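Enquirer: Okay, structure incoming, though there's no sequence with it:
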């Protein structure tokens, strides 16, 4: 192809790639001017590189496209890399199928410019149908958020296979045409293998998540039983103390001492209730979780409050998923307030029905750092805490919420950080 034809083809391929990448995020089309400029620059560069006939031209071209996208799009470089790898692999796969079909019809004339334009047009139509489908985009983004690591692995696998196929094409396209049946068969097998591997990775992740939730259940139940055994032990001690007070020779003195002792116990219990959350929510599993979290809050010197709201809402999610939501939200709040002064360590949980919506809300004290504004974004990595597992708690909450078509909101009011889940 001529230099002008090469520029035209490169521009269309770049646009198709970005359309497929937009399946994962709307960021790619936010700044259309930068995108158009990037398309023109890349097209010219690709045309010049193809004229030089340098080795590894494909990898060099993809590297330049990736760097240009990073400059043009405000998105994490890691996400851009793997989304670009996946989109490129899909484009190569579509073009390979179209090329073989055209070769069966037109023979070697399928490489002529007019036929290549027809193939690019069909590729653009396919990419547009896929990339501009709202329901498909929504499903893919939900899947992408939940199984991002698994998606990365499959993308790299598909890309490596595509690069091998591209190498054979650049080396001797006549061999690719003559052995198209075998190559297509291998491509199909490889693609099906990747789908099978993805399925197994997803099943493995779900099993690990179920095991983690089971362990959380076990820990909650164990803490509840330990608390009951502790209360029983204290009760027996109090009975022994009252029994010993009954040994006084004067009955009136014994009664006075017993009354004083009981009053002390009442005062102690009232103070304890003031500094801890009531675990009577109307749901036994949630009661057990809050009992466990109350003990944890006491150890970490955090004031945990539960705001009762009458009848416990009937949430659409499973019990273990409800525990997952509440546990992650409270853990996230605990992690943040633990870094504050002791008197500022306050976390409040409310579970209620609000405007025909089932609502879970966790508020914790928030201390804004000088020169920094809180980011109320839906970024999956956002969290009020730091560390290696940063943001995964809120990511899991968001995944469960989206599964049942709920809403997940993060915002700030005065000096409070608020996370809200609505079903």
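Expert: Great, that's in hand. In this text the structure is predicted, and so the values were computed from the model without any measurement.
Enquirer: Show me what counts as buried in the helix or strand of the chain with the lowest mean pLDDT.
Expert: Sorted by mean pLDDT, DSSP states H and E, the helices and strands of the chain end with helix 251-274, the least confident at a mean of 70. For helix 251-274, the neighbour count (16 or more other CB atoms under 10 Å) marks 254, 257-258 as buried. (C-beta placed from N, C-alpha, C; glycine too.)
Enquirer: could you dump these to JSON lines with distance to residue 208?
Expert: JSON lines is the format used below for the buried residues of helix 251-274 (distance: CB to CB, whole Å):
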{"residue": "254", "distance to residue 208": "60"}
{"residue": "257", "distance to residue 208": "58"}
{"residue": "258", "distance to residue 208": "55"}
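Enquirer: Going by distance to residue 237, which of those wins?
Expert: Nearest to residue 237, judged by CB to CB, of those is residue 258 at 14.7 Å.
Enquirer: coming back round to it: helix or strand right after the least confident helix or strand of the chain?
Expert: helix 284-299 (DSSP states H and E).
Enquirer: Which SSE is immediately downstream of that following helix?
Expert: According to DSSP H and E, the helix or strand after helix 284-299 is strand 303-307.
Enquirer: per-residue confidence averaged over that next one?
Expert: For strand 303-307, mean pLDDT rounds to 87.
Enquirer: which secondary structure elements does that strand contact?
Expert: helix 284-299, strand 346-354 (3 or more CB pairs under 8 Å, 6 or more residues apart in numbering; DSSP states H and E).
Enquirer: Going by neighbour count, list what's buried in the helix or strand following it.
Expert: Next helix or strand after strand 303-307 toward the C-terminus (DSSP H and E): helix 319-337. Of the residues in helix 319-337, 321-330, 332-337 count as buried by neighbour count, 16+ other CB under 10 Å.
Enquirer: picking that back up, quick one: which of the helices and strands packed on strand 303-307 is nearest residue 84?
Expert: Nearest of these (CB to CB): strand 346-354, 41.2 Å.
Enquirer: Name the strands paired with that closest one and say parallel or antiparallel.
Expert: Strand 346-354 pairs in its sheet with strand 303-307 (parallel), strand 357-365 (antiparallel), by DSSP bridges.
Enquirer: Let me see the residues that make contact with that strand.
Expert: For strand 346-354, contacts defined as CB atoms under 8 Å, 6 or more residues apart in numbering pick out 277, 281, 286, 290, 297, 302-307, 309-313, 326, 329-330, 333-334, 337, 359-365, 422.
Enquirer: With stretch 3-21 instead?
Expert: 1, 28-29, 35, 38-40, 42-44, 46-47, 50-51, 65, 69, 80, 83-84, 86-88, 90-91, 113, 116, 120, 123-124, 127-128, 130-132.
Enquirer: Could you identify the buried members of those?
Expert: 28, 35, 38-39, 42-43, 46-47, 50, 65, 69, 80, 83-84, 86-88, 90-91, 116, 120, 123, 127, 130-131.
Enquirer: out of those residues, which are inside helices?
Expert: Counting by DSSP state H, the part of these found in helices is 35, 38-39, 42-43, 46-47, 50, 65, 69, 80, 83-84, 86-88, 90-91, 116, 120, 123, 127, 130-131.
Enquirer: just how off-centre is the least confident helix or strand of the chain within its chain?
Expert: Relative to its chain's centre, helix 251-274 lies at 52 Å (CA atoms, centre = their mean, to the nearest Å).
Enquirer: Ok, stretch 5-23 next?
Expert: For stretch 5-23, the distance to the chain centre is 29 Å (CA atoms, centre = their mean).
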